[in-house]
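Student: Generate a structure from the sequence data that follows.
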Amino acid sequence: MSTKELIDSAVDHLRSTASVKTVYGDPVVIDGKTIIPVARVAYGFGGGSGSKQQTETEAPAEGGGVGGGMTAKPVGVVEISSEATKFVPFSTKKRLAIAAAIGSGIGLGLGYLFGKKAHA
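Tutor: Numbering: from 1, shown residues only. All right, here's what the predicted structure looks like:
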């Protein structure tokens, strides 16, 4: 398989799998409201090939490779009702602030304990 065919195959696979529906499922209807998940989906890929002939009598060396990946992050939902349609974002700022505070507290506590033992 040529490098171009490998890249085309990887791109086709990512196109078919990198979608909100694939990651989060179908919209859900609850109490007259339709909830549609919203995600930030990104994908990337790269590839290359090369060859180098060592001497005129040897066959040329060849090499090639291709790789790719995707990521999907939930960002919120669209809520559709008879009264209104609105976007409800997911916020991680509060959780990140709590985690940072806990991490800082643990770090300060351990620093105090180890610092006290080093001076004893």
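Student: what about stretch 50-65, start to end distance?
Tutor: 9 Å (Cα to Cα, to the nearest Å).
Student: and it, how far from the chain's centre?
Tutor: 37 Å (Cα atoms, centre = their mean, to the nearest Å).
Student: mean confidence score for it?
Tutor: Stretch 50-65 shows a mean pLDDT of 73.
Student: Hmm, G68 and G44 touching each other?
Tutor: Yes - counting by Cβ atoms under 8 Å, G68 is a contact partner of G44 at 6.5 Å. For every residue, glycine as well, the C-beta is placed using N, CA and C.
Student: So what sits opposite G46 in the bridge?
Tutor: G67 (DSSP bridges).
Student: one step back: show me which of G44 and G68 is the more surrounded one.
Tutor: G68 (17 against 10; other Cβ atoms under 10 Å).
Student: residues in contact with that one?
Tutor: Contacts here follow Cβ atoms under 8 Å, 6 or more residues apart in numbering; on that basis G68 touches 10-11, 13-14, 43-46.
Student: Adding distance to T57 and pLDDT, write these out as a markdown table.
Tutor: Formatted as a markdown table, the contacts of G68 follow (distance: Cβ to Cβ, whole Å; pLDDT from 0 to 100):
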| residue | distance to T57 | pLDDT |
| --- | --- | --- |
| A10 | 36 | 71 |
| V11 | 39 | 73 |
| H13 | 41 | 74 |
| L14 | 42 | 69 |
| Y43 | 44 | 76 |
| G44 | 41 | 76 |
| F45 | 37 | 73 |
| G46 | 34 | 74 |
